[in-house]
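**Student:** A predicted structure for the sequence below; I have some questions about it.
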Amino acid sequence: MFNAQETDACKRLIKLAIEEDLGIDGDVTSRAVIPADQLGKAVLLSRATGVLAGVAAASLVFEAIDPRVIFRPILRDGQRIAHGSPIASVSGSLRSILAAERTALNFLQHLSGIATETNRYVEAVAGLPCRILDTRKTTPGWRLLEKYAVRSGGGSNHRMGLYDGILIKDNHLAALCDKGDPIGYAFQAMLQQRGSEPVDIEVDNLAQFKRVLNGSRMILLDNMSLDDLREAVRLRNAEGASVLLEASGGITLANVRSIAETGVDRISIGAITHSAPALDIALELGA
């Protein structure tokens, strides 16, 4: 379930979503055709196979619309679901159920889509000592929830933002191109700012990799070939270094296992958040 920060983030998004969908006048169609005192019940059903995420978000949507609506979870986040799987039931004011329907489904479908896509990659590298991670390529405002969905799908989280982890990337080095030795300058600047704490750094070739092998905590190997990834792993192991090696860039379901088989410790994939298709989930009345 959501932690306190994720719950707060979800409530902020729900507030925006309700304002966007209901506006000032509310659900004018239901108000016109559904009696104010009519009660109803419904069930949230999966229409696809995947991994569930966002049950708490759906519950919070119904609570925000009408605290009197009773939301009963049937399944929990992280569980596999098939076509026809019941996810939760709701009962109460029919107007309230219909007002909450689309927003609740939007949250469930989006987060379950991310969990499902993440799980495909996790399953693709099953049996290998390699973790699947997300990136900062998330929908603005949705990062906490999307990273929660990644965990629901069996993946792991990278840093949450620029504020909670040092990672010297290619554009940092490009900005230091007038320094003569950008990597050396960046490492020295970090030593002055952070002391002897190891840093994380991105490299895109073996020459750069050899420069940073000692003094790094994690090295991100960006868009490297399989041969270069294997060589980086060999060099790390030969040095006896404890640095983690992370592959990134151009990762697909077709090549992720081959990349994991090179011996890298982690693979980070932006597509599991920025390109995951929504999972088909519906609300059916009268269930």
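**Tutor:** Good, I have the coordinates.
**Student:** all helices of the stretch 151-287 of the chain, in order?
**Tutor:** 170-175, 182-194, 206-212, 226-239, 256-260, 271-274 (DSSP state H, counting those that start in this stretch).
**Student:** Show me what the shortest one packs onto, helices and strands only.
**Tutor:** Helix 271-274 sits against helix 94-124, helix 143-152, with contacts defined as 3 or more CB pairs under 8 Å, 6 or more residues apart in numbering; DSSP states H and E. Every C-beta, even on glycine, is put in place using the N, C-alpha and C of the backbone.
**Student:** Quick one: residues in contact with it.
**Tutor:** Helix 271-274 is contacted from outside by 114, 117-118, 121, 132, 134-135, 137-139, 146-147, 149-150, 153, 155, 251-252, using CB atoms under 8 Å, 6 or more residues apart in numbering.
**Student:** Tabulate the CA atom coordinates of the helix or strand bottoming out on mean pLDDT in the chain in PDB.
**Tutor:** Every helix and strand in the chain was compared by mean pLDDT, DSSP states H and E; the lowest is helix 182-194, with a mean of 85. What follows is helix 182-194, C-alpha atoms only, in PDB (Å, rounded to 0.1, in the frame of the first residue of the first chain):
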ATOM      1  CA  PRO A 182      36.200  16.900 -17.600                       C
ATOM      2  CA  ILE A 183      36.100  13.600 -15.800                       C
ATOM      3  CA  GLY A 184      39.100  14.500 -13.600                       C
ATOM      4  CA  TYR A 185      37.700  18.000 -12.900                       C
ATOM      5  CA  ALA A 186      34.300  16.600 -12.000                       C
ATOM      6  CA  PHE A 187      35.900  14.000  -9.600                       C
ATOM      7  CA  GLN A 188      38.000  16.700  -8.000                       C
ATOM      8  CA  ALA A 189      35.000  19.000  -7.600                       C
ATOM      9  CA  MET A 190      33.100  16.200  -5.900                       C
ATOM     10  CA  LEU A 191      35.900  15.500  -3.600                       C
ATOM     11  CA  GLN A 192      35.900  19.100  -2.500                       C
ATOM     12  CA  GLN A 193      32.100  19.100  -2.000                       C
ATOM     13  CA  ARG A 194      31.500  15.600  -0.700                       C
END
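**Student:** Return the set of buried residues in it.
**Tutor:** 182-183, 186-187, 190 (16 or more other CB atoms under 10 Å).
**Student:** if we can go back for a sec, quick one, which of the helices of the stretch 151-287 of the chain is nearest to Ile14?
**Tutor:** Across these, Ile14 has its closest neighbour in helix 271-274 (19.5 Å, CB to CB).
**Student:** Need the mean per-residue confidence for that closest one.
**Tutor:** Helix 271-274 comes out with an average pLDDT of 97.
**Student:** Distance from that helix to the middle of the chain?
**Tutor:** The chain centre lies 7 Å from the centre of helix 271-274; the measure is CA atoms, centre = their mean, to the nearest Å.
**Student:** same thing with stretch 185-204?
**Tutor:** Centroid separation for stretch 185-204 versus its chain: 27 Å, with CA atoms, centre = their mean.
**Student:** Now do it: everything it contacts.
**Tutor:** With contact meaning CB under 8 Å, 6+ apart, stretch 185-204 is reached by 165-170, 172-173, 176, 179, 183, 209, 211-212, 215-224, 243, 248.
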